[in-house]
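requesting a structural model of the entry that follows:
(3 chains)
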Amino acid sequence: MHRGTLNFLWSQKVQHKRNPQLNKNGELIHLLSTEGLSKQLLTHILDTAENFVSISDREVKKVPLLRGKSVFNLFFENSTRTRTTFEIAAKRLSADVINLDIAKSSTSKGESLLDTIANLSAMAADIFVVRHSESGAPYLIAQNTAPHVHVVNAGDGRHAHPTQGLLDMYTIRRYKGDFSNLCVAVVGDVLHSRVARSDIHALTTLGCAEVRVVGPKTLVPADMAQMGVKVFNNFDEGIKDCDVVIMLRLQNERMNGALLPSSQEYFKGFGLTPQKLALAKPDAIVMHPGPINRGVEIDSAVVDGPQSVILPQVTFGIAVRMAVMSIVAGNEA
Amino acid sequence: MHRGTLNFLWSQKVQHKRNPQLNKNGELIHLLSTEGLSKQLLTHILDTAENFVSISDREVKKVPLLRGKSVFNLFFENSTRTRTTFEIAAKRLSADVINLDIAKSSTSKGESLLDTIANLSAMAADIFVVRHSESGAPYLIAQNTAPHVHVVNAGDGRHAHPTQGLLDMYTIRRYKGDFSNLCVAVVGDVLHSRVARSDIHALTTLGCAEVRVVGPKTLVPADMAQMGVKVFNNFDEGIKDCDVVIMLRLQNERMNGALLPSSQEYFKGFGLTPQKLALAKPDAIVMHPGPINRGVEIDSAVVDGPQSVILPQVTFGIAVRMAVMSIVAGNEA
Amino acid sequence: MHRGTLNFLWSQKVQHKRNPQLNKNGELIHLLSTEGLSKQLLTHILDTAENFVSISDREVKKVPLLRGKSVFNLFFENSTRTRTTFEIAAKRLSADVINLDIAKSSTSKGESLLDTIANLSAMAADIFVVRHSESGAPYLIAQNTAPHVHVVNAGDGRHAHPTQGLLDMYTIRRYKGDFSNLCVAVVGDVLHSRVARSDIHALTTLGCAEVRVVGPKTLVPADMAQMGVKVFNNFDEGIKDCDVVIMLRLQNERMNGALLPSSQEYFKGFGLTPQKLALAKPDAIVMHPGPINRGVEIDSAVVDGPQSVILPQVTFGIAVRMAVMSIVAGNEA
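Model (predicted):
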């Protein structure tokens, strides 16, 4: 697939200004981004997830909502962890799950992305979970697939990671209740983070009182202020009196060029230590999408400390993905 | 495994002249080739598939026919697409599916093919779906496996790809009805195509009025005429007044040596364009086993045009594989 | 993960002298080693396996004992064969199975073993099946995982392979009945064999009359006599009048340095031929954990001969793994 073509198609789409995630009745048929979803719809997803959280505690962690449905994990970019969460979520909904190692498949024989998708649709697929290194790929797929197929974005380029954004919202709501009085700081490598974008859109829509973006100038995009957030290039000021601190993974493997002096330097400036965390509200919670770089963006004492809700995030992530898949497939609890 | 040994064992087999696909009562216990199956048996498979086509349209696309059965996908040659179709088919029959990445397994530790097979049989396997780069490997496995195991050939060397052949037959019957008045052209890289062989055997047995093989001399085997088909080295003549045009994939990756000047040259001579297709009957259907090389053996306008049934082939392929697996396992609908 | 750290943690554990496999009531909650399990417990596992052997013969080879449970195959060291046996066993218990290709996952992004484990636990995992190249890794995981997770060791370094040990015990009991009159010889590359260790501990606990270790000096550890076994460096003497001969795989791929002159030399000295086998009791059985090196540690005539129970071992292995998983999960038949 030409990068040029894909970007072109996607920009066209964005210019059309219609929301490809919803059908004519305003119901969610694809989950591509938290951007453009109403407060009501986001809240509905979180409420649905609430029901699924309790299922994981049951003796039999399974409901028959997607029995006989076929869920395809299409990971054009490898991510064992995220793929696993979707696989578990789908299996607990009783769906049949097919994992496709796309790198090895027909696309490498010269078949186009859209021909691959058309083929899989013809196998009577119900849900495509799509991870792709290029922003917009899940949109392209959603726009071109058969009407019986629902697309869930599992991370596209630097653009969006909506299920991570939603599980973060679920976690915040669970621990902090209403968003209208909260101050949430998103800290770190915002430039490369699809999680940051998905969090910010969702927080804004859900009426979060104050959303902050905190990081060194080289890792915070210039246009951030336009998204309705406050930008801080000083960690102490950025974290002060916050209710929620969302630490981002330092994407070492993505950095080309010298955006940072070294990871030790980074930790000095923006690593979350117990001392730094003391600047936030005493009952502030600490979140992280994982995998964690201990000693790089976050200190082990914080990861394993009483304010960390990093592992509950993982648990809620399964419930949120169950909610999303059952909603887009039209088979809610 | 020695190539020599395998070829020797297989030739022995062919000389014995008994059909290893059938039990003493003439029932299908393995599907190794469309060659040697009676018209009655082929028709029975297509009729069984008919029942399964409707299942894919249901809310719950699952039947319990193979519940508790273990289906092993043994892909000695990688093919994500074909493996996926068998995996879906088996799961919709409620079987447990185990995908074995054979390249990484014990065979690379020096264990022989037959020892690997004996081991998997001992795990109480029910069906082996076998893809192998060597012609005859599925026969060897079928002859040496325990009696409770059924072998389905998912493509062996240049020899056979019987489920593709059967889904092609199903597609033709679905769109054209009776075979006795039809002219079917198989076009392209016949030399390297196991699909072509499986199609030709099935078409002949089902009483197809005229089977044509169309391609450049370098890509059509010399012995084709013996199979009861008409050979055309001119595309215009070969396609003229046909009811069905089966385009074969140009197996770029298989060609050793200079059998073709270039893919552009090939397209000029044997690429299916709307202009060429106009030479066939006005209601002719166009088929292709996929993955498609757009602009090499077939023009995009034809792939996406009204006479193309390429995607329905994929859909019917699932039903045909469900039919084959349920029949060999003795658990029909 | 630092090798040093892991080894340190594990030695600490061993020094504590408490058995991490049992809960306060003495019930099996993890299977890490056959060492330290009582005769009563080993016998209970074998008795439970007895029930599952018959399931593999049924039309529907499935029981709902682990329905809704999530079994994760965590193979830090690749082994398609062993992974497959656990996958089948779990699916026949109706569990959801997730295979994790750990080599490709977050551990390679710098996440620690324990963070990976904590994450997977947070997904409400029930059973981790762990294969690791380092001795002690499954202990470390069992000690640090959440209480709802049960760990089954599928082979760690040179330390233990307890399900193989148990299936060997099941096989011996099945063919020979009571252990108290038996002479069992474990032959070959004992030095590198976790199977040998697991067999010896289990045989000793089950009251086997005589356990022999047979192999060249370079492949038999010096401390073997301390384990209560008789060491033989002469094959003829070692095999004489035995009831059971367990041949070990010659771990070619593990040998660093010149422990052996050549595999031909090895076969001359310690390869099991029909002539050598004639030295054992006339009704002696021959076992091998697989994969077999025909002509290296064992002659083909013995593998395929009437005294070989190598394939039944594989069949019983599924039942034993079903027994182990249902017992540790607290859902017995």
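
can you pull out the helices in chain A?
Ranges of helices in chain A, per DSSP state H, are A:3-16, A:39-55, A:80-92, A:113-122, A:137-144, A:162-176, A:194-205, A:235-239, A:263-270, A:274-277, A:300-303, A:310-328.

which of those sits closest to C:Asn293?
Closest to C:Asn293 of the helices of chain A, according to Cβ to Cβ: helix A:80-92, at 32.7 Å. Heads up, the C-betas are built off the backbone N, CA and C, glycines and all.

return the alpha-carbon coordinates of that closest one using PDB.
Taking Å, rounded to 0.1, in the frame of the first residue of the first chain, the C-alpha atoms of helix A:80-92 are listed here in PDB:
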ATOM      1  CA  THR A  80       1.200  -9.300  21.700                       C
ATOM      2  CA  ARG A  81      -0.200  -7.500  24.700                       C
ATOM      3  CA  THR A  82      -3.000  -5.600  23.000                       C
ATOM      4  CA  ARG A  83      -3.800  -8.500  20.800                       C
ATOM      5  CA  THR A  84      -4.100 -10.700  23.900                       C
ATOM      6  CA  THR A  85      -6.600  -8.300  25.600                       C
ATOM      7  CA  PHE A  86      -8.800  -8.300  22.600                       C
ATOM      8  CA  GLU A  87      -8.500 -12.100  22.200                       C
ATOM      9  CA  ILE A  88      -9.600 -12.600  25.800                       C
ATOM     10  CA  ALA A  89     -12.400 -10.100  25.600                       C
ATOM     11  CA  ALA A  90     -13.800 -11.800  22.500                       C
ATOM     12  CA  LYS A  91     -13.500 -15.300  23.900                       C
ATOM     13  CA  ARG A  92     -15.300 -14.200  27.100                       C
END
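
from the middle of its chain, how far away would that helix be?
Distance of helix A:80-92 from its chain centroid, counting by Cα atoms, centre = their mean, to the nearest Å, is 14 Å.

measure stretch A:271-280 end to end?
By Cα to Cα, to the nearest Å, the extent of stretch A:271-280 from end to end equals 14 Å.

hang on, I meant stretch A:273-293
Terminal residues of stretch A:273-293 are spaced 13 Å apart (Cα to Cα).

low pLDDT regions in chain A?
Applying pLDDT under 70 to chain A flags the ranges A:1-17, A:103-110, A:252-259, A:333.

so which bits of it are right by chain B?
A:67-70, A:96, A:98, A:100-102, A:104-106, A:109-112, A:115-116, A:118-124 (Cβ under 8 Å from any Cβ of the partner chain).

just send the helices of chain A back as a markdown table, with distance to chain C too.
Shown next, in a markdown table, are the helices of chain A (distance: least, Cβ to the nearest Cβ, whole Å):
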| stretch | distance to chain C |
| --- | --- |
| helix A:3-16 | 25 |
| helix A:39-55 | 9 |
| helix A:80-92 | 3 |
| helix A:113-122 | 21 |
| helix A:137-144 | 21 |
| helix A:162-176 | 12 |
| helix A:194-205 | 15 |
| helix A:235-239 | 22 |
| helix A:263-270 | 10 |
| helix A:274-277 | 19 |
| helix A:300-303 | 8 |
| helix A:310-328 | 4 |
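
let's have those in CSV, adding distance to B:Arg321 and mean neighbour count.
Output for the helices of chain A, formatted as CSV (distance: least, Cβ to Cβ, whole Å; neighbours: other Cβ atoms under 10 Å in any protein chain shown):
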stretch, distance to B:Arg321, mean neighbour count
helix A:3-16, 33, 12
helix A:39-55, 33, 18
helix A:80-92, 22, 24
helix A:113-122, 14, 21
helix A:137-144, 25, 23
helix A:162-176, 32, 24
helix A:194-205, 38, 25
helix A:235-239, 57, 18
helix A:263-270, 51, 16
helix A:274-277, 57, 16
helix A:300-303, 48, 18
helix A:310-328, 26, 25
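
let's have those helices in CSV, adding distance to C:Val328.
Below are the helices of chain A laid out as CSV (distance: least, Cβ to Cβ, whole Å):
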stretch, distance to C:Val328
helix A:3-16, 48
helix A:39-55, 22
helix A:80-92, 20
helix A:113-122, 38
helix A:137-144, 40
helix A:162-176, 30
helix A:194-205, 36
helix A:235-239, 44
helix A:263-270, 40
helix A:274-277, 38
helix A:300-303, 29
helix A:310-328, 22
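
out of those helices, which is closest to C:Ile285?
So among these, helix A:80-92 is nearest, using Cβ to Cβ, at 40.3 Å.

just the angle between the closest one and helix A:162-176, please?
Relative orientation of helix A:80-92 and helix A:162-176, computed by axes from the mean of the first three to the mean of the last three Cα atoms, to 10 degrees: 80 degrees.

does anything pack onto helix A:80-92? Which helices or strands?
On a contact count with 3 or more Cβ pairs under 8 Å, 6 or more residues apart in numbering or on different chains; DSSP states H and E, helix A:80-92 meets strand A:70-75, strand A:96-100, strand A:127-132, strand A:150-156, helix A:310-328, strand C:70-75, strand C:96-100.

ok now the fifth one, how far from the chain's centre?
What that stands for is helix A:310-328. 11 Å.

tell me the angle that helix makes with helix A:39-55.
Using the same axes, to 10 degrees: helix A:310-328 against helix A:39-55 is 110 degrees.

CA-only coordinates of helix A:310-328 in PDB, if you can.
Extracted as PDB, the C-alpha positions of helix A:310-328 are listed here (Å, rounded to 0.1, in the frame of the first residue of the first chain):
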ATOM      1  CA  ILE A 310      -1.900   0.500  36.700                       C
ATOM      2  CA  LEU A 311      -2.900  -3.100  37.100                       C
ATOM      3  CA  PRO A 312      -6.600  -2.300  37.600                       C
ATOM      4  CA  GLN A 313      -6.400  -0.500  34.300                       C
ATOM      5  CA  VAL A 314      -5.500  -3.800  32.700                       C
ATOM      6  CA  THR A 315      -8.400  -5.500  34.400                       C
ATOM      7  CA  PHE A 316     -10.800  -2.800  33.300                       C
ATOM      8  CA  GLY A 317      -9.400  -2.900  29.800                       C
ATOM      9  CA  ILE A 318     -10.800  -6.400  29.200                       C
ATOM     10  CA  ALA A 319     -14.300  -5.200  30.300                       C
ATOM     11  CA  VAL A 320     -14.100  -2.100  28.200                       C
ATOM     12  CA  ARG A 321     -13.100  -4.100  25.100                       C
ATOM     13  CA  MET A 322     -16.000  -6.500  25.800                       C
ATOM     14  CA  ALA A 323     -18.300  -3.500  26.000                       C
ATOM     15  CA  VAL A 324     -17.000  -2.000  22.700                       C
ATOM     16  CA  MET A 325     -17.300  -5.300  20.800                       C
ATOM     17  CA  SER A 326     -20.700  -6.100  22.000                       C
ATOM     18  CA  ILE A 327     -22.000  -2.600  21.200                       C
ATOM     19  CA  VAL A 328     -20.600  -2.300  17.700                       C
END
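
was I right about A:Lys62 contacting C:Gly68?
Yes - between A:Lys62 and C:Gly68 there is a contact at 4.0 Å, judged by Cβ atoms under 8 Å.

what residues do these two have in common as contacts?
A:92, C:96 (Cβ atoms under 8 Å, 6 or more residues apart in numbering or on different chains).

excluding residues flanking it in the chain, which one is nearest A:Thr43?
A:Leu206 (7.5 Å; Cβ to Cβ, 6 or more residues apart in numbering or on different chains).

check contacts around the one you found.
Going by Cβ under 8 Å, 6+ apart, A:Leu206 touches A:39, A:42-43, A:169, A:179.

let's go with 10 Å and repeat that
A:34, A:39, A:42-43, A:46, A:169, A:172-173, A:178-180, A:182 (Cβ atoms under 10 Å, 6 or more residues apart in numbering or on different chains).

what bridges to A:Val211?
A:Val211 has these beta-bridge partners by DSSP bridges: A:Val184.

burial count for it?
24 (other Cβ atoms under 10 Å in any protein chain shown).

list the contacts for it?
Counting by Cβ under 10 Å, 6+ apart, A:Val211 has contacts A:179, A:182-186, A:199-204, A:224, A:227-230, A:244, A:246.
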